[in-house]
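Asker: Just the structure for this:
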Amino acid sequence: MATVEQRLSALEHATNQRHLQTDAGDTDVFFMMICGVLVFFMQAGFALLEAGSVRAKNTKNILMKNLLDACIGALIWGAWGYGLAYDGPSGTTSKGYNGFMGTAADDGTNKGPSFFLNAYNQDDGYAYSQWWFQFCFCAAAATIVSGAMAERTSLVGYLIYTIVISGWIYPIVVAWSWNGGWASTMQDGHGLKDFAGSGIVHMTGGVAALCGAAIVGPRKGRFDEAKKPIAMPAHNTTFQVLGTMILWVGWYGFNPGSCLAIIGYGAGVARSIVTTTLAAATGGITVVLSDKLFISHTWDVGMLCNGILAGLVSITAGAGDTYPWQAVIIG
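Answerer: Numbers count the residues shown, from 1 in each chain. Down below sits the predicted model:
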């Protein structure tokens with residue numbers, strides 16, 4: 001009898017443990033999905049910020065580009081982008097992984113990147129949540145270029161760029177770093193460490209934007225005959241401010257979500273929120289005061305928005321590894 005009772009007790013304990021593990025896994029999946037929703041909502045922030053910053057006649061074009069960014073990016077990321085970024089065992093060169101891009105399916109064979117998650121367990125909720133969260137990062141990197149090249153790019157040309165960055169450039173950068181590639185700390189403890197993507201997401205998009213702006217040149221009427229800049233004020237300050245606030249809110253999914261789980265990582269998630277808030281506030285105040293005292297000598301809401309965004313981008317690399325006082329300095 002005692003043996004039967006012991007077995008029943010052990011079985012009950014094992015069942016309870018399995019339920020706890022399942023609940024913990026589901027909680028992490030839910031956390032990642034919600035953080036992804038916040039990051040995806042940043043697309044609305046980018047759209048409003050850019051629409052408010054350009055002249056009224058170009059608003060429709062900007063909004064169309066941002067919507068198509070998300071639509072095309074989702075298909076490209078699903079088809080092969082995610083596979084190039086994350087297929088293959090992190091930090092190894094076995095089973096076909098080469099440190100440059102994902103080429104190994106999940107079963108360890110060198111079959112090339114998985115298409116539409118075909119190499120993954122189709123019942124793995126966490127794999128789906130990771131795909132979703134990382135797609136939102138890809139979409140953010142792609143849409144950064146839209147504002148830098150506003151008012152002087154054709155829609156077709158911009159869509160070609162979207163395919164290239166979503167399907168090739170961004171996935172390769174991710175494979176180098178977050179998936180244990182040649183530049184990652186996962187190899188030997190030395191290398192790039194970017195908590196939430198200051199470099200991987202924002203610098204990748206920023207470099208693409210810089211190259212694009214250099215190629216297309218300035219807007220017509222931006223400079224006079226003496227090459228002096230002519231002011232082109234934003235047509236809708238309300239859109240600018242609303243877009244900035246939406247982006248700020250979205251960052252509360254961007255940085256805390258980069259912990260990739262909530263169970264056992266609550267302190268890191270909470271600290272990420274605090275450091276993100278302090279860096280954004282410091283960045284906004286620093287830029288608007290500097291502009292007021294040394295440059296324009298006026299209170300410029302556009303500069304305040306830029307300062308907040310600069311603070312957010314700056315803290316993204318170390319939001320989970322820095323302390324509040326350090327976040328103030330970084331911002």
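Asker: Tell me the secondary structure at Ala226.
Answerer: Under DSSP: H, G, I helix; E, B strand; the rest coil, Ala226 falls in the coil class.
Asker: Show the backbone phi and psi for it.
Answerer: When read as degrees, to the nearest 10, the backbone of Ala226 gives phi -90, psi 10.
Asker: what separates it from Met232, distance-wise?
Answerer: Distance, Ala226 to Met232, by CB to CB, to the nearest Å: 17 Å. (Glycine included, C-beta is placed from N, CA and C.)
Asker: May I ask which helix or strand encompasses Val288?
Answerer: Following DSSP states H and E, one finds Val288 within helix 266-290.
Asker: Which residues in that helix does the neighbour count mark as buried?
Answerer: Of all the residues in helix 266-290, those buried under the rule 16 or more other CB atoms under 10 Å are 268-269, 271-272, 275-284, 287-288.
Asker: again, but for stretch 65-80
Answerer: Lys65, Asn66, Asp69, Ala70, Ile72, Gly73, Ala74, Ile76, Trp77, Trp80.
Asker: Stretch 191-206 too?
Answerer: 192, 194-206.
Asker: Please convert those to JSON lines, extending it with pLDDT.
Answerer: Shown next, in JSON lines, are the buried residues of stretch 191-206 (pLDDT from 0 to 100):
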{"residue": "Leu192", "pLDDT": "84"}
{"residue": "Asp194", "pLDDT": "93"}
{"residue": "Phe195", "pLDDT": "95"}
{"residue": "Ala196", "pLDDT": "95"}
{"residue": "Gly197", "pLDDT": "95"}
{"residue": "Ser198", "pLDDT": "95"}
{"residue": "Gly199", "pLDDT": "95"}
{"residue": "Ile200", "pLDDT": "96"}
{"residue": "Val201", "pLDDT": "97"}
{"residue": "His202", "pLDDT": "96"}
{"residue": "Met203", "pLDDT": "96"}
{"residue": "Thr204", "pLDDT": "96"}
{"residue": "Gly205", "pLDDT": "96"}
{"residue": "Gly206", "pLDDT": "95"}
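Asker: Give me the nearest residue to the spatially most central residue of the chain, chain neighbours excluded.
Answerer: The centroid of the chain falls nearest to Phe137 when counting by CA atoms, centre = their mean (3.0 Å). Excluding its sequence neighbours, the residue lying closest to Phe137 (CB to CB, 6 or more residues apart in numbering) is Val201, at 5.3 Å.
Asker: Would you confirm that the one you found belongs to a helix?
Answerer: Yes: when three-state DSSP is applied, Val201 is found to be in a helix.
Asker: Let's see the pLDDT reported for the closest residue in space to Ala148 that isn't next to it in sequence.
Answerer: Leaving aside its chain neighbours, Ala148 sits nearest to Ala209 (3.5 Å; criterion: CB to CB, 6+ apart). Per-residue confidence (pLDDT) for Ala209: 94.
Asker: Please verify my assumption that Ala209 contacts Thr153.
Answerer: No: with contacts counted by CB atoms under 8 Å, Ala209 stays clear of Thr153, the gap being 11.2 Å.
Asker: Neighbour count for those two, which is higher?
Answerer: Shown here are Ala209 and Thr153; by other CB atoms under 10 Å, Thr153 has more neighbours (20 against 16).
Asker: Next, the more buried one: secondary structure please.
Answerer: Classified using three-state DSSP, Thr153 is coil.
Asker: That one contacts Gly217, doesn't it?
Answerer: No: with contact defined as CB under 8 Å, Thr153 does not count as touching Gly217 (11.0 Å).
Asker: overlap in contacts of these two?
Answerer: Here Thr153 and Gly217 share no contacting residue, scored by CB atoms under 8 Å, 6 or more residues apart in numbering.
Asker: Can you give me the first-to-last residue distance of stretch 145-162?
Answerer: 9 Å (CA to CA, to the nearest Å).
Asker: In it, which residues are buried?
Answerer: Quick answer for stretch 145-162 (16+ other CB under 10 Å): Val145, Ser146, Gly147, Ala148, Met149, Ala150, Glu151, Thr153, Tyr158, Leu159, Tyr161, Thr162.
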